[in-house]
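Colleague: Next input, structure requested:
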Amino acid sequence: KTSFSEAACCAQMALLAWPKNLRPPGLPFLIVICGNLCMITVVLSIVLLLLPRSIVSRVKIIRRLRARLLKFFKRAVVLSKEGPFYRLFVYCGRRCACGRLSSQCRPPTTLRVRATGCTELSVTWSPRMPLNPFHEESYVIAWRLGGPEGQGDDATGWKQLSLHSRDDCEEVDNKTKLRIFHDGVPELSPVTFRIRAKNAWGYSDWSEEAQGKTLARPSEDGGFTGPLGPANDGHEVYTWTQTNSEVGLKVPIGAGRRSKDIKFKVTPSRIEIRLVVPEGQSDELLVGPFPKRIKTDETNWQIEETEEDGRHIALQMQKAEKMEKWPSFIDGDQHPRIDTRLVRFYANQMNMGGMGGVDIFE
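Modeller: Predicted structure coming up:
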């Protein structure tokens with residue numbers, strides 16, 4: 001009974017002294033208000049974060065408040081990582097532990113390969129970084145000439161190169177991806193890449209493979225060649241050229257072909273050249289979309305025959321936008337793309353054959 005009475009007395013005294021504890025003697029009223037508001041905000045934030053999802057999903061205002069609170073905390077974390085104290089803390093932890101504070105590596109994702117030149121490819125991937133601030137990793141990239149056939153760790157022909165994440169890689173897409181430029185690849189060659197991460201704890205698994213193909217070196221007339229369709233009369237490729245305002249095309253045909261055997265259709269973004277063939281065979285000679293747009297009302301074609309090119313369809317088209325550099329005649333995976341950085345337009349180009357003069361455009 002005595003202990004119970006003493007406990008009740010203490011509780012009553014604490015309850016009476018509670019208003020005084022909110023404002024200790026001699027403390028300015030404004031500081032008291034600010035301190036109490038901060039305490040209430042912290043308590044409400046903790047309660048809001050700990051609420052079950054079943055309750056949050058039912059009340060719209062609670063759902064919005066929680067989303068804003070999480071956004072604020074994420075922003076605060078991002079800003080703190082940019083500060084000098086955080087960077088010094090992470091640097092000391094990484095150097096003193098010699099990488100032993102890192103987490104296990106995971107294979108990179110979204111590996112992408114894009115041609116940037118006749119002998120160069122850009123390789124981009126997304127590291128799978130953990131929340132561990134002391135985690136650090138480097139990479140091993142492997143490549144081989146050829147397409148996706150022969151996949152697997154036992155496939156031969158792979159060459160490897162170690163990459164340091166800070167010295168050899170470039171950060172892109174708001175520092176969410178890494179990129180390198182791989183040079184020394186043969187012109188117009190398909191290449192397959194894969195990559196994996198490594199640190200003091202070992203290697204990750206290989207990423208999924210990605211393929212790319214280097215660009216072709218343009219001809220003196222700014223064009224190149226491409227494959228013809230099934231109705232090719234034994235000829236395999238077409239030839240195209242370009243100037244600052246025109247695109248030219250030469251499509252070889254059989255000696256007995258006449259204009260009535262050719263079905264020609266062109267739109268600002270697509271071309272179709274078909275031949276009259278026996279029933280059951282494909283009539284496609286050259287069909288596909290343009291990489292750029294043209295002026296259809298200034299398109300002319302005719303059948304010509306020369307010693308150099310034989311019998312062929314000669315086509316001339318006006319570009320919709322002058323000075324545009326076409327990377328290919330047909331926009332498709334089967335049609336080679338050229339390195340447009342090597343295409344030069346000249347001041348006195350008045351037709352497809354005029355390539356002399358002073359180089360004033362690129």
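
Colleague: Please save the CA atoms from stretch 121-137 in PDB.
Modeller: C-alpha atoms of stretch 121-137 as PDB (Å, rounded to 0.1, in the frame of the first residue of the first chain):
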ATOM      1  CA  LEU A 121      31.800   1.200 -80.600                       C
ATOM      2  CA  SER A 122      30.400   2.700 -77.400                       C
ATOM      3  CA  VAL A 123      29.500   0.300 -74.600                       C
ATOM      4  CA  THR A 124      27.100   1.400 -71.900                       C
ATOM      5  CA  TRP A 125      25.800  -0.500 -68.800                       C
ATOM      6  CA  SER A 126      24.100   0.100 -65.500                       C
ATOM      7  CA  PRO A 127      26.000  -1.000 -62.300                       C
ATOM      8  CA  ARG A 128      23.900  -2.700 -59.600                       C
ATOM      9  CA  MET A 129      25.200  -0.800 -56.600                       C
ATOM     10  CA  PRO A 130      24.100  -1.700 -53.100                       C
ATOM     11  CA  LEU A 131      23.200   0.800 -50.400                       C
ATOM     12  CA  ASN A 132      26.500   0.100 -48.700                       C
ATOM     13  CA  PRO A 133      28.400   3.500 -48.900                       C
ATOM     14  CA  PHE A 134      31.800   1.700 -48.700                       C
ATOM     15  CA  HIS A 135      31.100  -0.500 -51.700                       C
ATOM     16  CA  GLU A 136      33.500  -0.200 -54.600                       C
ATOM     17  CA  GLU A 137      34.000  -2.300 -57.700                       C
END
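
Colleague: what ranges of the stretch 101-250 of the chain fall below the confidence cut-off?
Modeller: 148-155 (pLDDT under 70).

Colleague: hang on, residue 323 packs against residue 244?
Modeller: Yes. Taking contacts as CB atoms under 8 Å, residue 323 lies within contact range of residue 244: 5.4 Å. Where you see a C-beta, it was placed from the backbone N, CA and C, and this is true even at glycine.

Colleague: who has more neighbours, those two?
Modeller: Remark: of residue 323 and residue 244, residue 244 carries more neighbours, 18 against 11, as counted by other CB atoms under 10 Å.

Colleague: which other helices and strands contact the longest strand along the chain?
Modeller: Selection of the longest strand in the chain by residue count, based on DSSP state E, yields strand 294-306. With contacts defined as 3 or more CB pairs under 8 Å, 6 or more residues apart in numbering; DSSP states H and E, strand 294-306 has these neighbours: strand 262-267, strand 310-319.

Colleague: Dump the first one to PDB, restricted to CA.
Modeller: In other words, strand 262-267. Once non-C-alpha atoms are left out, strand 262-267 reads as follows in PDB (Å, rounded to 0.1, in the frame of the first residue of the first chain):
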ATOM      1  CA  ILE A 262       9.100  -2.600-112.900                       C
ATOM      2  CA  LYS A 263       6.600  -1.400-110.200                       C
ATOM      3  CA  PHE A 264       8.000   1.800-108.700                       C
ATOM      4  CA  LYS A 265       6.400   3.600-105.700                       C
ATOM      5  CA  VAL A 266       8.000   6.300-103.500                       C
ATOM      6  CA  THR A 267       6.700   8.400-100.600                       C
END
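
Colleague: Mind listing residues that contact that strand?
Modeller: With contact meaning CB atoms under 8 Å, 6 or more residues apart in numbering, strand 262-267 is reached by 253, 271-276, 283, 294, 296, 299, 301, 303, 313, 317.

Colleague: cool, and stretch 298-315?
Modeller: For stretch 298-315, contacts defined as CB under 8 Å, 6+ apart pick out 239, 248-255, 257-259, 262, 264, 266, 273, 316-318.
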